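# Next come a sequence and a model predicted from it.
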Amino acid sequence: MLIRIRRGGASVSVSEGFEVEIIGFQGNDMVTFQSLRNSETRGSLKNGIHKMDLVKKTSLGIAFLAISSCWQLSQGAETEEYRKGEMLFALDVKPILSNKCFSCHGDDPEEIEGGLDMTTREGLLEGGESFDDVLIPGDAEFSFMMEAIRWEDPDYEMPPKETDRLSEEQIWSIRDWIKEGAPWPDDDRVAAIRDEYAEGVIVQTSGALSEDWANRRYKEEDLWAYQPIANPAVPETKSKADHPIDAFIDYKLELKDIPAAPLADRRTLIRRATFDLIGLPPAPEEVEDFVKDRRSDLVAFKDVIDRLLDDPRYGEQWGRHWLDVVRYADSSGFSNDYERTHAWRYRDYVIRSFNEDKPFDQFAIEQIAGDEWDPDNPEMIFATGFLRMGPWEHTSMSVAKITRQQFLDDVTDSVGQTFLSHPLQCARCHDHKFDPIPTKDYYRIQAVFDSTQFADRTVPFQPYENLVDYTEKAVMEKRIQYFDEMRKELSEKSRKATEEWCRENGVPVGTRRELAKQGIPDDKLPPRNHGLTLEELGIKKVGDKNVARTTFELMKFEPYAMSVYSGPKPEKEVRSGSMLSMPKDPSSGGSMSSMHILIGGDPFNRGEEVTPGVMSALPGSNDTIEATPWNSIPDSPDGRRLAFAKWLASPENTLVPRSITNRIWNYHFGRGIVNTPNNFGAMGGKPTHPELLDYLATWFLENDWSIKELHRFIMTSEAYRRSTEHPNRTLLTEKDPLGDSYAAFRHRRLSAEEVRDSMLRVSGSLSDSIGGLPARPEINMDVALQPRQVMGSYAASYEPAPTAELRNRRSIYAKKIRGLRNPFMEMFNQPSPDESCEVRQSSTVTPQVFSLFNSEDSLNRSVATAIDLLENNKNRKKAVEELFHRAYGRKPDREETKLSLDHWKRMEDRHEDLVFEPREFPREVERSAVEEMSGAPFTFTEVLFGFDDYSPDPTFADVDAETRALADLCLVVFNSNEFIYVY
Amino acid sequence: MKKRLQREIQQNISVAKSLNRRDFLYGMGSSLGSIALAGMLPQNLSAASSAGPLSVKKSHLPQKAKNCIFLMMEGGPSHIDTFDPKPALNDLHLQKFTRSGEAKSAMESGTRYYVQSPWKARQVGKSGAWMTEPWQHLANVADDICFYLGCQVDSVNHPTALFQVNTGNRFGGDPAMGSWVTYGLGSENQDLPGFIVLPELSYPQGGAPNWGNGYLPAHYQGTPLRPKGSPILDLKPPKGITAEHQRENLNLLSRFNHDHLEEHPWQDDLQARIENYELAFRMQMQVPGILDIDQEDDRTKEMYGIGDDDTDPFGRKMLLARRLIEKGVRFVQAYNAGWDSHDFIERAHGSRIKSIDKPIAGLIQDLKQRGLLDETLIIWCGEFGRSPDNGVRDGGAAYGRDHNAKAMTMWFAGGGVNAGHTVGATDEIGSEAVQTVHHIRDVHVTLLSLLGLDDNKLTYFHGGRFKQMSQFGGQIIPELIG
């Protein structure tokens, strides 16, 4: 039985079945613990792994613990055949040395740090450049390596990385080995000892880069996700829990003697469930209906759940979670940050899939291999947009082989994190340091995608797709015309000057390009853009680039789908900034070239050849031991992804059902059963309730991978319906310091999107429309007009859509530009789309106050709310009541009503004397720019055609003092904690 | 009755505070690098309620500099035409050759010709550092500078190289150096962001992720002070709303929030959010004063070249950088754009050098006279160097240079640097670093160490592993340290 403690409390775990728990910290390297059975039995431990023995039972049958003061050889001490030192070497010391030391001290004979070769006993005895007393057999205290591994000498802290530092247990092993004379048995003897005595499991994979890695032993607890999914029996509890989830949760609570919080009241519960499932506050009548429902709590609540799951808003909320994981954005990032003109069709596909309750296995297969599975089904083509979600660009400035590799690395890791909860990037340059994923597997999986080529396929718009907002098209056309005229005059000027130059220099008259075609040598050609000043050249380039860029982006109105096909590398280099057509014959590029391990991840440094494969460490997945139809991937360009997807989305895959079940749980409770939903490996969290996770995964499979059924199952548990307020918080904090017992529910701050959408909903102006081209809400004007450099020019300003109806759509539809984030969203922790987000942060940072309290957007929402409240209520009191009802799901008490009415009156008095000017929207911006190549400053004017027919949201200038004063009250409510938090 | 309730609330709040501390440990511990967390502990334990994520933390190593001003020359300044002159190019001028290969971009391929520098260079200061003619003012402080000519990066593409210099990672999405530093050290002034960026009006290619917090908590994000419009977004309420008007709203908000807190005494983030509104109100009042450089005397402004068209914009940035450092901001990064001189290098680099020469020299002199130079680390660099050759352009009428990842000049001044020395060298034509050659990751590790941070200990658990600025570890370049 082991208890493991790491510095700083970063990780504390107690082996399953061990009857102590951690109750607190002293300083940064001590923990205190107590017996689960008897709170009087306490103790404290320092960093490291400690072995604990059950030494006696008291008369009361209470377990009493003692800690062995120093590390004992866990595998048993000396045997007849092997000496203790040899045992230590084979089982503990050799693996430590080879993992932590050899890479700098011996693996590469050309480059041995400090001249110290640690790969042999002789090398250690000889020492390095600075010390010859590195190892003194029999004398640990005077062996310098002890000082180094203990980090006692600041100049020789070994291994030098904090994250590689040896644990106390490991240091003890080396110490004891030295004391025993530092024997160094040969490889055969080491192998024999290991065979007989080593703890842990060897995992057979497709092949390792090194022998040591192949024979590495894993602690069973670190391989939990590789075990077949169990179907554990539901435990019996004193609470007589009849919901299986509660039985698992209560069992642990009872074991730790933690009382559960009472169930939340109906008002709290419906607000919780509504935000949870649709990301919006419940309407006042929905709250009152539920509160007044005479049926039992559970029966009435089930109806609420059903109603919410049927609401189309559901897919928007849960689709958003998925888009966080896959890094959805409407632009491609990097130099040009080109718009991803059709990413929205993937976004809408995701939303539809959630609304339709598409079985998750199907959902997974479609995204990885929809085009191979059913190429004639539009949904399948949209789905494969997933494969292209990462930031990516290729231009004349980049090297094609590198950008292609960037895609392959990105998609490999993304599939790993998204579906398998394994960041596969960790195995790109070396066999995985902690998990049984050899580099070979990394490149086998990458080979699955080696035949994946980008294509913007033509897929007709479907009747169910939203094609409403075409207002941007006219704006873009005007922009093209404007910039075209801007450059035309200058082109003309240059043409004339060039002709003049040709005549003067005795060259046939023509443009530079024409003359080059005629075979005139370089040094006889007229200069480029001849006759233009550098300022004019700058302006012409702005014109050229804007015309090209906007013309490309006009393609968004054509029925393309951002997709892929399977085939060899296309003949034509794939460049960003144009539609990539699907070749008539996908195999026309010739044959596939072989796929190799890339040494150090370098695309120019090929190693061993690999063929497409799967993660070989999973049960039944190692085709090198036994190839089955399930674990084998065809070598043909076509069908690789489909075979891989079917391996992945299978009940036999031990990762995928657990991964998605854990994600769903994570979004409901604010933490996963495994609190690292993207990582189930040894470096990820361990399941707090492993049996529950397996039970849920099994249940999920039995219910045909239905996510909606899983919601119902989870939300009807008492664990989900508990109050956030625990009656005995002191006890709870003491017994459940990590907050993972589920004795009380966790409150949470609204996500960025929920904050904005809820303000819109409360103001009555949230648009109902679903899907379609990215919506263009107003964003902070300074940011909208912020000049943004793109390759060779400046991107056009961000222009919001012309009508409130088009702007005030749900935030999931808002255009998401990687290089131009909406500052409001960013402020409230909307994650950057460059990295997969498994769980949202909710930090409290000061600029949030500016965004929510000072911004034009908040003011507009407040004014709209005030107008709506005044229109719909007979008197002020009713208006205040309605405001509270909409925002908080309850009516104000008498004191709040009075405070609010007084405030309203007081602010109205202030407003009487105030005059507000109507908002002015810029019709053009003067841009000061620097010509990128020559550094010449120039200015040009960008006309903002988007504001030609612009009808803004009402603001202070449009309403009277009474409304403005009520808007002040609404602003206060929108900023209040009760609005921003859900309980 | 009321008294009892109040007492209970008081108790609850004090428990909530102790919970705060524990929640902080537990809640963040699982994702915080261990040493950085350990460094937070003393302050955190002694003043739980006020210790935020930006509170000052103990450094891993002795600090040679406390603060950092990072001058980012966006576009890639030419080492050859600034601090690493190559007279050998004079003989090769306009000689042609061709280049091709799988590892070359379209930009680098095809027919090329060598290009000489438009300027002569001379040695300046006691140290004899090389500078081209356009550097006039910087020559006066040359002995305060450590030039490093041996740096290399991985990419010849602007955003990828810029991401790499700023964050260590070519593909963006990782925390910027300023984020790492504020994460590791906190900041002296809790009322201002710890990491402030002074961007050009137009953001660089790749945009705001160049100063993003990446996977670190949002508190460590770089806050751009915008050169036009509101310096911090929405710093001020809409026009017409006075501070008193706002105060009235804030008072009601505070009342609502405190009533609400009574019902949820255990949720410590509620308290933090209440405090935030007060902090924001103070900030709203203070920031305009800090930014108002007209408070400085004329002599100081003259030192920075303020008032002269060529030097005014960057001069203001440099003066503002000094004011921010004085106010206890940990890390300031200032951008200067327009260094991408593929053509017309004489004109382009000439104007760029002019725009920064006096302001930077002014900054160094000003910091020195205020006794701040020793505790401030100044970094100057671009995202890569430039090539000794160019693609065929305009029949040789407008010489310029393409990108070069294999040779980049950087320089450092202030706390702990090996001032008065030039470290490393490139080959005869400046095509590649050949002496004391280091990847940018080693420079990052070295600079962090000057600020008292050990890259191997400054880690954050994310994406399955402990991540660090150098990506997978690097080495200190001892030659750069004084």
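Now that the structure is in, tell me what you want to look at. Numbers count the residues shown, from 1 in each chain, chains lettered A, B, ... in the order given.
# Low-confidence regions, the stretch 351-482 of chain B specifically.
B:392-398 (pLDDT under 70).
# switch to 50 and redo it
Scanning the stretch 351-482 of chain B for pLDDT under 50 picks out the ranges B:395.
# so where do the strands sit in it?
B:376-381, B:385-386, B:389-391, B:403-404, B:408-414, B:421-423, B:425-426, B:433-435, B:438-439, B:460-462, B:465-467 (DSSP state E, counting those that start in this stretch).
# Got the domain ranges for chain A?
As given by automatic domain parsing, the domain ranges for chain A are A:2-67, A:84-199, A:244-315+A:655-732, A:341-457+A:562-648, A:471-557, A:847-919+A:955-983.
# Which of the ones you listed has the lowest mean pLDDT?
Note on those: lowest mean pLDDT is at domain A:2-67, with a mean of 42.
# Tell me which residue lies nearest the centroid of the chain.
Just so you know, I chose chain A. Chain A has residue A:837 as the residue nearest its centroid, 1.6 Å off, counting by CA atoms, centre = their mean.
# wrong one, chain B
With CA atoms, centre = their mean applied to chain B, the nearest residue to centre is residue B:333, 3.3 Å.
# re earlier: want to try a markdown table for the strands of the stretch 351-482 of chain B, with mean neighbour count and distance to residue B:320 as columns?
For every residue, glycine as well, the C-beta is placed using N, CA and C. Shown next, in a markdown table, are those (neighbours: other CB atoms under 10 Å in any protein chain shown; distance: least, CB to CB, whole Å):
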| stretch | mean neighbour count | distance to residue B:320 |
| --- | --- | --- |
| strand B:376-381 | 24 | 14 |
| strand B:385-386 | 32 | 28 |
| strand B:389-391 | 20 | 36 |
| strand B:403-404 | 25 | 30 |
| strand B:408-414 | 27 | 17 |
| strand B:421-423 | 20 | 30 |
| strand B:425-426 | 20 | 34 |
| strand B:433-435 | 17 | 34 |
| strand B:438-439 | 20 | 32 |
| strand B:460-462 | 22 | 30 |
| strand B:465-467 | 21 | 32 |
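# between the ones you listed, which gets nearest to chain A?
Chain A sits nearest to strand B:465-467 of all these, at 4.0 Å, using CB to the nearest CB.
# which residues touch the closest one?
A:162, A:163, A:423, A:426, A:433, A:683, B:33, B:174, B:215, B:459, B:460, B:461 (CB atoms under 8 Å, 6 or more residues apart in numbering or on different chains).
# nearest residue to whatever residue of chain B ends up closest to chain A other than its sequence neighbours?
Of all residues in chain B, residue B:348 sits closest to chain A, at 2.9 Å by CB to the nearest CB. Closest residue to residue B:348 apart from its sequence neighbours, by CB to CB, 6 or more residues apart in numbering or on different chains: residue A:935 at 2.9 Å.
# In terms of helices and strands, where is residue 257?
I'll assume chain A. For residue A:257, there is no host helix or strand (DSSP states H and E).
# sorry, should have said chain B
Short version: residue B:257 belongs to helix B:243-263, going by DSSP H and E.
# State the mean pLDDT of that helix.
pLDDT averaged over helix B:243-263 gives 95.
# Now do that helix: which elements does it pack against?
If you count contacts as 3 or more CB pairs under 8 Å, 6 or more residues apart in numbering or on different chains; DSSP states H and E, helix B:243-263 packs onto helix A:894-912, helix A:961-975, helix A:977-980, helix B:2-23, helix B:268-291.
# Tabulate these (a markdown table), appending distance to residue B:117 and mean neighbour count.
Converted to a markdown table, these look like this (distance: least, CB to CB, whole Å; neighbours: other CB atoms under 10 Å in any protein chain shown):
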| stretch | distance to residue B:117 | mean neighbour count |
| --- | --- | --- |
| helix A:894-912 | 65 | 16 |
| helix A:961-975 | 58 | 24 |
| helix A:977-980 | 59 | 22 |
| helix B:2-23 | 60 | 14 |
| helix B:268-291 | 39 | 17 |
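# Which among those helices is found nearest to residue A:692?
helix B:2-23 (24.0 Å; CB to CB).
# quick one: residue A:336 from chain B, how far?
Distance of residue A:336 to chain B, given as CB to the nearest CB, to the nearest Å: 8 Å.
# Show the contacting residues for that residue.
Going by CB under 8 Å, 6+ apart, residue A:336 touches A:393, A:395, A:549, A:576, A:577, A:790, A:791.
# Which of the residues you listed fall in helices?
Among those, DSSP state H puts residue A:549 in helices.
# what would the contacts of residue A:336 look like in a markdown table with neighbour count and distance to chain B?
Below are the contacts of residue A:336 laid out as a markdown table (neighbours: other CB atoms under 10 Å in any protein chain shown; distance: CB to the nearest CB, whole Å):
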| residue | neighbour count | distance to chain B |
| --- | --- | --- |
| A:393 | 22 | 8 |
| A:395 | 19 | 7 |
| A:549 | 25 | 14 |
| A:576 | 21 | 12 |
| A:577 | 18 | 14 |
| A:790 | 22 | 7 |
| A:791 | 23 | 7 |
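# Just the ones of the contacts of residue A:336 in strands?
residue A:790 (DSSP state E).
# Pick the one among the contacts of residue A:336 closest to residue A:203.
residue A:393 (38.3 Å).
# ok, the closest one - contacts?
Contacts of residue A:393 (CB under 8 Å, 6+ apart): A:332, A:333, A:334, A:335, A:336, A:338, A:403, A:576.
# redo that, cut-off 10 Å
A:332-338, A:403, A:406, A:575-577, A:791, B:157, B:159-160 (CB atoms under 10 Å, 6 or more residues apart in numbering or on different chains).
# Specify the local secondary structure of the closest residue to it other than its chain neighbours.
Spatial nearest neighbour of residue A:393, chain neighbours left out: residue A:334 (3.9 Å); criterion: CB to CB, 6+ apart. The three-state label given to residue A:334 by DSSP: H, G, I helix; E, B strand; the rest coil is coil.
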